[in-house]
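> Quick one, structure for this:
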Amino acid sequence: MSDRGDNYVQEFIITFGFLEGLWFRLGYSPEGTIVDAIAEVIKTINPDYSWVSIVFMVLSVIFFIITLSQAFEIGGGLGIFAIFLAFIGGILLNQIGFILLAVAILIGWISPDVG
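Sure thing, here's the model as predicted:
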């Protein structure tokens with residue numbers, strides 16, 4: 001297990017995969033909540049800035065694509081597969097979900113060295 005593998009597991013598998021799957025299951029988005037709060041503050045300052053919500057939505061999609069491309073660059077296809085397994089594990093959140101998370105972590109440790 002390399003340092004790159006440890007970092008990949010922490011940054012992408014657990015944060016980008018498992019936690020996003022968990023938020024998806026709960027129907028909650030921390031990033032969305034922050035964006036909505038900022039947009040509401042801006043709208044109260046000047047109601048003419050109703051386009052701000054659209055800008056933040058586009059930015060969140062752009063950041064998602066950038067994160068996914070960085071994950072692919074570091075871990076390759078195997079790393080993306082591990083993130084997908086972790087995401088499904090977060091959605092299921094049962095024994096099978098934790099098994100998927102464990103498999104994703106194992107794959108995530110080796111994917112930067114293989115990919």
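> ok, the residue positioned nearest the centre of the chain - contacts?
Centroid-nearest residue in the chain, with CA atoms, centre = their mean: F16, separated by 2.6 Å. Neighbouring residues of F16 by CB atoms under 8 Å, 6 or more residues apart in numbering: 67, 71, 83. The C-beta positions use only the backbone N, C-alpha and C, and glycine is treated the same way.
> Can you tell me the closest non-neighbouring residue to the last one?
Spatial nearest neighbour of I83, excluding adjacent residues (CB to CB, 6 or more residues apart in numbering): G17 at 4.1 Å.
> Neighbour-wise, which one of the contacts of F16 leads?
Neighbour counts for the contacts of F16 peak at I83, which has 29 neighbours (criterion: other CB atoms under 10 Å).
> Could you double-check that that residue sits in contact with A104?
Yes - with contact defined as CB atoms under 8 Å, I83 reaches A104; the gap is 7.2 Å.
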